[in-house]
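In: For reference, the sequence and a predicted model appear below.
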Amino acid sequence: MDKFSIHNIIQNNTDRNRYNAGYMYFKRSSVKDFYCKNEDDVSTFYGTVIDDYANYTSLLMINNKTRAILNYSCDCRDFISSDNQPRICAHIVATVLKGLEGNNNEQCETNEGIIDPS
């Protein structure tokens, strides 16, 4: 799956404020211990995001054929909404944007650049 498809899936499934906060974490190089993997039509993004208060571990898996989000998680408080449902938080956004940056390790696909949300 190309970077634009993954980016659109994340942006369409994330509140604008959370997306923008994740973009800022990405731009500040707050994603550490990162890896991404593309295997059997599934892209997996995993990383630790360091913000002002703590370190948060986030994960997102996307099926490249169906363009469906298979799994996502983060250990931050914002991951679970007030109605007790999980949602894509800023830490997940930052981790995926780091993966779309490309050339992070041999398991990641090479992608060109990142999409500015503005």
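Out: Cool, got the structure. Note that the coordinates shown come from a computational prediction; the quantities given were computed from them, not determined experimentally.
In: List the buried residues for the helix or strand encompassing N8?
Out: Following DSSP states H and E, one finds N8 within helix 3-12. Neighbour counts over helix 3-12 (16 or more other C-beta atoms under 10 Å) mark 3, 6-7, 9-11 as buried. Placement of C-beta: from N, CA and C, glycine included.
In: Run the chain-centre distance for it.
Out: With C-alpha atoms, centre = their mean, to the nearest Å as the basis, helix 3-12 stands 10 Å off its chain's centre.
In: avg pLDDT for that helix?
Out: For helix 3-12, mean pLDDT is 87.
In: Whatever helix or strand comes next after that helix packs against which elements?
Out: Counting by DSSP H and E, the next helix or strand C-terminal to helix 3-12 is helix 16-27. For helix 16-27, the packing partners by 3 or more C-beta pairs under 8 Å, 6 or more residues apart in numbering; DSSP states H and E come out as helix 90-100.
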